[in-house]
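Visitor: Below are the sequence and a predicted model for it; my questions follow.
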Amino acid sequence: MLAIKLQRIGKKHQPSYRLVVALKRSKLGGPPVEDLGSYNSFTKAVSVKKERVKHWLGVGAQPTVTVHNLLIQGGVITGKKAAVKMSKKESSDKTAPAASAAVGA
């Protein structure tokens, strides 16, 4: 299955991204099927080949959630932005009440 996703390029601590069409399960450094544009996360600048994105969406490529939101922001597609799900780091606050209850017993 094809996906439109971001491929990280750039130096350490200076990320920029390419919008590429690649296999959904391919490695990040693997060769993409086609390069569709770029995204700079510092300046928030997005450049997209709109005709090619519409072609790949018509063929059946699915954009990732972040790319979907970037395409809506750029006016390539219409719709509502999707919520980006990020994993939460487990904090030590959950273990602190259990440890204090065991000490009090």
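Guide: Happy to help now that I have it.
Visitor: Now do the contacts for the spatially most central residue of the chain.
Guide: For the chain, the residue nearest the mean C-alpha position is residue 66 (3.9 Å; Cα atoms, centre = their mean). Listed by Cβ atoms under 8 Å, 6 or more residues apart in numbering, the contact partners of residue 66 are 6, 84. Any C-beta I mention is one placed from the backbone N, CA and C, and that applies to glycine too.
Visitor: So that it lines up with my notes, have the first residue be 137 from now on.
Guide: Okay, using 137 as the starting number, the last item reads as residue 202.
Visitor: Helix, strand, or coil at it?
Guide: helix (DSSP: H, G, I helix; E, B strand; the rest coil).
Visitor: how near is it to residue 217?
Guide: In this view, residue 202 and residue 217 are 10 Å apart by Cβ to Cβ, to the nearest Å.
Visitor: Could you do residue 225 as well?
Guide: Relative to residue 217, and taking Cβ to Cβ, residue 225 is found at 24 Å.
Visitor: ok, these two, which is more surrounded?
Guide: residue 217 (12 against 5; other Cβ atoms under 10 Å).
Visitor: and the residue nearest to the more buried one when sequence neighbours are not counted, how many neighbours does it have?
Guide: Distances taken as Cβ to Cβ, 6 or more residues apart in numbering place residue 205 nearest to residue 217, at 4.8 Å, with adjacent residues excluded. Using other Cβ under 10 Å, residue 205 is surrounded by 17 other residues.
Visitor: ok so residue 205 is a helix residue?
Guide: Yes: counting by three-state DSSP, residue 205 is located in a helix.
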